[in-house]
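**Q** Mind folding the following:
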Amino acid sequence: QVQLVESGGGLVQAGGSMRLSCAASGRTANYHAMGWFRQAPGKEREFVAVINWSSTSTDYAGSAKGRFTISRDNAKNTLYLQMDSLKPEDTAVYYCAVGKYYSARAYDYEHWGQGTQVTVSS
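**A** Residues are numbered from 1 along each chain as shown. Presented below is the predicted three-dimensional model:
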């Protein structure tokens, strides 16, 4: 089993920065990709970013490109999401996930964290 725990969410003003962390435990070596997704009230969960095991490949949603940076530290079993130039529309619950396939599709991910709330005020 894999357990994922997100942290680092909170309230920030528009234009500010925030870094999310996702601590993983369990059989994480079986999973090639780690990703971030988010879900705003009344909306479906959407892809934010993905990174492969060796950190040689990353992909971002259009809304995140140029503002967010995904990274991972395999020695610490931790995934990060650095978010800069935050906008009110970034307000959502952010989830980390692990999966065997490098993918932007939520259904390709097998384990999910409980989520952390990010609120960006205007």
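**Q** ok, and for the strand or helix carrying Ser25, which residues are buried?
**A** Using DSSP states H and E, Ser25 falls within strand 18-26. Of all the residues in strand 18-26, those buried under the rule 16 or more other C-beta atoms under 10 Å are Met18, Leu20, Ser21, Cys22, Ala24. Glycine gets a C-beta too; all of them are placed from N, C-alpha and C.
**Q** Please tabulate those in CSV and include pLDDT and distance to Trp36 as additional columns.
**A** Listed next are the buried residues of strand 18-26 as CSV, based on pLDDT from 0 to 100; distance: C-beta to C-beta, whole Å:
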residue, pLDDT, distance to Trp36
Met18, 98, 12
Leu20, 98, 7
Ser21, 98, 11
Cys22, 97, 8
Ala24, 95, 13
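**Q** Export those residues to TSV and append columns for distance to Gly62.
**A** Below are the buried residues of strand 18-26 laid out as TSV (distance: C-beta to C-beta, whole Å):
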residue	distance to Gly62
Met18	20
Leu20	19
Ser21	24
Cys22	22
Ala24	27
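**Q** So which of those residues is the closest to Glu46?
**A** If you rank the buried residues of strand 18-26 by distance to Glu46 using C-beta to C-beta, Leu20 comes first, at 15.4 Å.
**Q** what is the closest one paired to in the beta sheet?
**A** Counting by DSSP bridges, Leu20 forms beta bridges with Leu81.
**Q** Return the residues in contact with the residue nearest the centre of the chain.
**A** The residue lying closest to the centre of the chain (C-alpha atoms, centre = their mean) is Trp36, at 2.3 Å. Residues in contact with Trp36 (C-beta atoms under 8 Å, 6 or more residues apart in numbering) are Leu20, Cys22, Val48, Ala49, Val50, Ile70, Leu79, Leu81, Tyr94, Tyr95, Cys96, Ala97.
**Q** ok, 10 Å please
**A** If you count contacts by C-beta atoms under 10 Å, 6 or more residues apart in numbering, Trp36 has them with 6, 20, 22, 47-51, 60-61, 64, 68, 70, 79-81, 83, 94-97, 113.
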